[in-house]
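Chemist: Here's a sequence, model it:
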Amino acid sequence: MNKIFFGLVLLGVPISVIGSFLHWPSVIMFIVYCLTIVALAGFMGRATESLAIVMGPRIGGLLNATFGNAVELIISIFSLKAGLVGVVLASLTGSVLGNLLLVAGLSFFVGGTKYKRQKFNVFDARHNAGLLIFAVIVAFVIPEVFTQDMNESSTMSLSVGISIILILLYLAALFFKLVTHRGVYQHTEKTEEHEEEVPEWSTKKAIIILAAATLAVAYVSEKLVHTFSEVGETFGWSELFIGVIIVAIVGNAAEHASAVIMAYKNKMDVAVEIAVGSTLQVAMFVAPVLVLISLMYPTHMPLVFTMPELISMVTAVFLMIMISNDGETNWFEGLTLLAAYFIMGIGFYLL
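Modeler: Now for the predicted structure:
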């Protein structure tokens, strides 16, 4: 797989540059850009995994989620610049659904086929459950309710206010987990002793690869955004479907792969931290930051989602909480999450 990704990067980056200059057909370039971003995300995943081995599961999971979301943040900024607010909001929805249902579902399913029961830190699961309810249900549903009778200016003011509160609470949550209460809620029951792992790359090499891959992703993402309209018309995809399914899967490719690999190695604390931690980062940091960034562009982005997007996110949150709140999982619970994702995917495709 690593050789395939290396080959895709070696071919994909030059073809992306040449194709954009020569104005090759949008549909062909869309496929090239997507494959290149997924391959680059694979390198970002390997770099963050090397750093995670050195820094521990919590910081490793956080790093993986952060750099995984960096790809989507870059795509979203260029989409905002192009005035594609609908695509950005849909991609945020897709990230929440993708992480809670697809990433967690695949991780639980793949890990569960190897181990009968897999355990993870129940205290972290319960802490994350409260934050998920706050971030998705309080912060996303409230604007929809209050903005029914508001004008555009008031809607944007409410969105900015909520965004600032979300960012501050997210930073406080990181401070709580990594500083004031680090090690307080330990996972007391260890299922299996793991051999000490050696990182694939040194810290310096991992950071250099991470930086280079992020820059390459930024370039390819800008080109990808310009293909959305034509690709949507060609395949009959709505803006909503492109955002919820395509952009979300491409943008989160790094953490998708990393979480599944960690689950297969029975490192469920890291796998859950990637899936749920990434969702929280999208809802409490990426989305609010995009609202604030949109103020610099002619088209502003309020934190107001469509009803199908809201109901899907709320359903995903409750399902994930019900499945993960006991601190253990199995392959059937993973399959349940995957089934929910595919049902929603069909719905968004036909919408």
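Chemist: which stretches of this protein have low pLDDT?
Modeler: Along the chain, segments meeting pLDDT under 70 span 1, 56-58, 60-61, 64, 68, 182-196, 251, 253-255.
Chemist: mind listing what's buried in the lengthiest helix in the chain?
Modeler: As assigned by DSSP state H, the longest helix anywhere in the chain is helix 26-55. By neighbour count with 16 or more other C-beta atoms under 10 Å, helix 26-55 contains the buried residues 26, 29-30, 32-53, 55. (C-beta placed from N, C-alpha, C; glycine too.)
Chemist: And for stretch 207-221?
Modeler: 209-210, 213-214, 216-221.
Chemist: mind saving the C-alpha coords of the helix or strand Phe140 falls within as CSV?
Modeler: Per DSSP states H and E: Phe140 is located in helix 139-146. Taking Å, rounded to 0.1, in the frame of the first residue of the first chain, the C-alpha atoms of helix 139-146 are listed here in CSV:
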residue,chain,number,x,y,z
ALA,A,139,-24.2,24.6,18.8
PHE,A,140,-25.6,23.4,15.4
VAL,A,141,-29.3,23.0,16.2
ILE,A,142,-29.7,26.3,18.2
PRO,A,143,-28.8,28.5,15.2
GLU,A,144,-31.4,26.7,13.0
VAL,A,145,-34.1,27.4,15.7
PHE,A,146,-33.2,31.0,16.5
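Chemist: Tell me the helices and strands packed up against that helix.
Modeler: helix 152-175, helix 307-324 (3 or more C-beta pairs under 8 Å, 6 or more residues apart in numbering; DSSP states H and E).
Chemist: roughly how far out does stretch 334-343 sit from the chain middle?
Modeler: 17 Å (C-alpha atoms, centre = their mean, to the nearest Å).
Chemist: and that stretch, C-alpha only, in PDB?
Modeler: C-alpha atoms of stretch 334-343 as PDB (Å, rounded to 0.1, in the frame of the first residue of the first chain):
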ATOM      1  CA  GLY A 334     -19.000  -1.500  13.800                       C
ATOM      2  CA  LEU A 335     -21.300  -3.000  11.200                       C
ATOM      3  CA  THR A 336     -24.300  -1.100  12.700                       C
ATOM      4  CA  LEU A 337     -22.400   2.300  12.300                       C
ATOM      5  CA  LEU A 338     -21.500   1.400   8.700                       C
ATOM      6  CA  ALA A 339     -25.100   0.500   7.900                       C
ATOM      7  CA  ALA A 340     -26.300   3.900   9.200                       C
ATOM      8  CA  TYR A 341     -23.600   5.700   7.100                       C
ATOM      9  CA  PHE A 342     -24.700   3.900   3.900                       C
ATOM     10  CA  ILE A 343     -28.400   4.700   4.600                       C
END
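Chemist: Which parts of the stretch 1-150 of the chain are helices?
Modeler: Counting by DSSP state H, counting those that start in this stretch, the stretch 1-150 of the chain has these helices, from start to end: 2-22, 26-55, 57-81, 85-97, 104-114, 122-132, 139-146.
Chemist: tell me the most buried of those?
Modeler: Of all the helices of the stretch 1-150 of the chain, helix 85-97 carries the top mean neighbour count, a mean of 27, counting by mean count of other C-beta atoms under 10 Å.
Chemist: Show me what the helix holding Phe140 is in contact with.
Modeler: Outside helix 139-146, the residues that touch it by C-beta atoms under 8 Å, 6 or more residues apart in numbering are 155, 158-159, 162, 165-166, 283-284, 302-305, 307, 310, 313-314.
Chemist: One more: stretch 280-290?
Modeler: 65-66, 69, 72-73, 76-77, 80, 88, 92, 95-96, 99, 128, 131-132, 135-136, 139-140, 162-164, 166-167, 169-170, 173, 301, 303.
Chemist: just to revisit the earlier point, as TSV, the helices of the stretch 1-150 of the chain with distance to His226 would be great.
Modeler: As requested, these are exported to TSV (distance: least, C-beta to C-beta, whole Å):
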stretch	distance to His226
helix 2-22	8
helix 26-55	8
helix 57-81	8
helix 85-97	12
helix 104-114	31
helix 122-132	34
helix 139-146	29
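Chemist: For Glu230, which of those helices is the nearest?
Modeler: Taking C-beta to C-beta, helix 26-55 is the member of those nearest to Glu230, at 3.9 Å.
Chemist: how near is the spatially closest residue to Ala90 that is not a sequence neighbour to Thr66?
Modeler: Nearest residue to Ala90 in three dimensions, chain neighbours excluded: Gly243, at 2.4 Å (C-beta to C-beta, 6 or more residues apart in numbering). Plainly put, Gly243 is 21 Å away from Thr66 if you go by C-beta to C-beta, to the nearest Å.
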